[in-house]
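[1] sharing a sequence plus its predicted fold:
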Amino acid sequence: MIKRTIYFGNPARLSLKDNQLNIDIKNDANESITKRIPVEDIGIIVIDHPQITITSGIIQALQSNNVSIITCDERHLPQSLLLPLDGHSIQQERYEAQLQATEPLKKQLWAQTIIQKIKNQHTVLSKYSAQADYLIPYYKNVKSGDSENCEAAAASHYWKTIFASHTLDFKRERYGEAPNNFLNYGYSILRGTMARSIVSAGLLPTLGIFHRNRYNAFCLADDLMEPYRPYVDDMVYVMIKEFGLVNELQKEHKAVLLKIPAIDVLIDGEKSPLMLATQRTAVSLVKCFLGEQRKLVYPEI
């Protein structure tokens, strides 16, 4: 079953009652309204208002059901991600396999990741530019560990090309001009979805196969989400065409990006909602760590 992504952008009190998320809010007439959603139906919650209170009881229930809780900063961009520590019945065994993974194995897995990322970038770019084929040599020449940094070379061409019809001299920067804000928000939802799948598969989201950062608790999520990023890029391109370039995301923009976990992707020859696809990717990584297979399962645009 596809889990729901729920966004809270107004004052509310979130609590637990009868194993349901109890939502107390005020309507336009300042009247109290209560809504309920079964905890088991929820996959991701986004909290985007400073006057939202949440009880420890509902946090515990959400974490027990492996719900990602994302909180936003004053710019309304996702800032933090809360996940359960206990996500799988045999996670100790899987932690050991993850910790014992050899460097050659991790380099091979990273090369697979980058190849599929650039392939997906090529497919997206081919929809909007005649210069997409410049990316082909990059994904055909990725070596173990991407030692020649094909990812960065491909990204340089990709980013200066994909939004060229919307804005001149676009630079992909965390705090840059629009559409960076669209991309940041979409990637944060994608990151929460992938991190949830990693924990569910019994892996440590902090220990990446490539990304290493002492201040990053989600290095593995950042690794495995790479081939999924072009789905967000494609969605953002369509959004800009519809809404134009805006420097502050509104509710209608966020409503579109919050659908990311439910969009259809093609993975292993089958259509699947992205949220389920990330689970298949995470489980395939477990099998690689355990020596049961040698190839990661990623979506293909």
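    Structure's in. What do you need? Numbering: from 1, shown residues only.
[2] switch to C-alpha atoms for all contacts and neighbour counts from now on
    Noted.
[3] pull the helix or strand with minimum mean pLDDT from this protein.
    Lowest on mean pLDDT, DSSP states H and E among the helices and strands of the chain sits strand 78-82, with a mean of 81.
[4] pairing partners for that one, with directions?
    strand 68-72 (antiparallel) (DSSP bridges).
[5] quick one: contacts of the partner strand?
    Outside strand 68-72, the residues that touch it by Cα atoms under 8 Å, 6 or more residues apart in numbering are 43-49, 62, 78-83, 192-193, 195-196.
[6] and stretch 245-256, by the same measure?
    So stretch 245-256 is contacted by 76, 166, 177, 178, 179, 181, 182, 185, 239 (Cα under 8 Å, 6+ apart).
[7] which helix or strand contains the fourth one?
    Right, the one you point to is residue 178. Following DSSP states H and E, one finds residue 178 outside all helices and strands.
[8] elements contacting the longest helix seen in the chain?
    For the chain, the helix with the greatest residue count under DSSP state H is helix 103-128. Secondary-structure packing of helix 103-128 (3 or more Cα pairs under 8 Å, 6 or more residues apart in numbering; DSSP states H and E): helix 136-140, helix 150-162, helix 219-224, helix 229-243.
[9] just name the most buried of these.
    helix 219-224 (a mean of 24; mean count of other Cα atoms under 10 Å).
[10] which among the contacts of stretch 245-256 end up buried?
    76, 177, 178, 179, 181, 182, 185, 239 (16 or more other Cα atoms under 10 Å).
[11] show me the helices in this protein, by range?
    56-64, 91-99, 103-128, 136-140, 150-162, 180-200, 219-224, 229-243, 251-257, 274-289.
[12] buried set for the second one?
    Of the residues in helix 91-99, those scored as buried under the neighbour-count criterion (16+ other Cα under 10 Å) are 91, 94, 95, 97, 98.
[13] tell me who's in contact with residue 160.
    Applying Cα under 8 Å, 6+ apart, the residues contacting residue 160 are 169, 170, 171.
[14] follow-up on the earlier one: out of the helices and strands packed on helix 103-128, which gets nearest to residue 293?
    helix 219-224 (16.6 Å; Cα to Cα).
[15] mind giving me the packing neighbours of the closest one?
    Helices and strands touching helix 219-224, by 3+ Cα pairs under 8 Å, 6+ apart, are helix 103-128, helix 180-200.
[16] for residue 299, which of those is the nearest?
    That would be helix 103-128 among those, by Cα to Cα, at 8.0 Å.
[17] run through the stretch 101-250 of the chain and note the low-pLDDT ranges.
    Applying pLDDT under 70 to the stretch 101-250 of the chain flags residues 168, 215.
[18] give me the pLDDT value at residue 258.
    Predicted confidence (pLDDT) at residue 258: the value is 92.
[19] surely it meets residue 5?
    Yes. Using Cα atoms under 8 Å, residue 258 makes contact with residue 5 at a distance of 6.6 Å.
[20] before we move on, the earlier item: now tabulate the helices of the chain in JSON lines and tack on distance to residue 18.
    Shown next, in JSON lines, are those (distance: least, Cα to Cα, whole Å):
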{"stretch": "helix 56-64", "distance to residue 18": "11"}
{"stretch": "helix 91-99", "distance to residue 18": "29"}
{"stretch": "helix 103-128", "distance to residue 18": "43"}
{"stretch": "helix 136-140", "distance to residue 18": "51"}
{"stretch": "helix 150-162", "distance to residue 18": "48"}
{"stretch": "helix 180-200", "distance to residue 18": "24"}
{"stretch": "helix 219-224", "distance to residue 18": "33"}
{"stretch": "helix 229-243", "distance to residue 18": "36"}
{"stretch": "helix 251-257", "distance to residue 18": "28"}
{"stretch": "helix 274-289", "distance to residue 18": "26"}
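[21] about what we covered before: dump the helices and strands packed on helix 103-128 into TSV; add distance to residue 115 as well.
    As requested, the helices and strands packed on helix 103-128 are exported to TSV (distance: least, Cα to Cα, whole Å):
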stretch	distance to residue 115
helix 136-140	5
helix 150-162	8
helix 219-224	12
helix 229-243	13
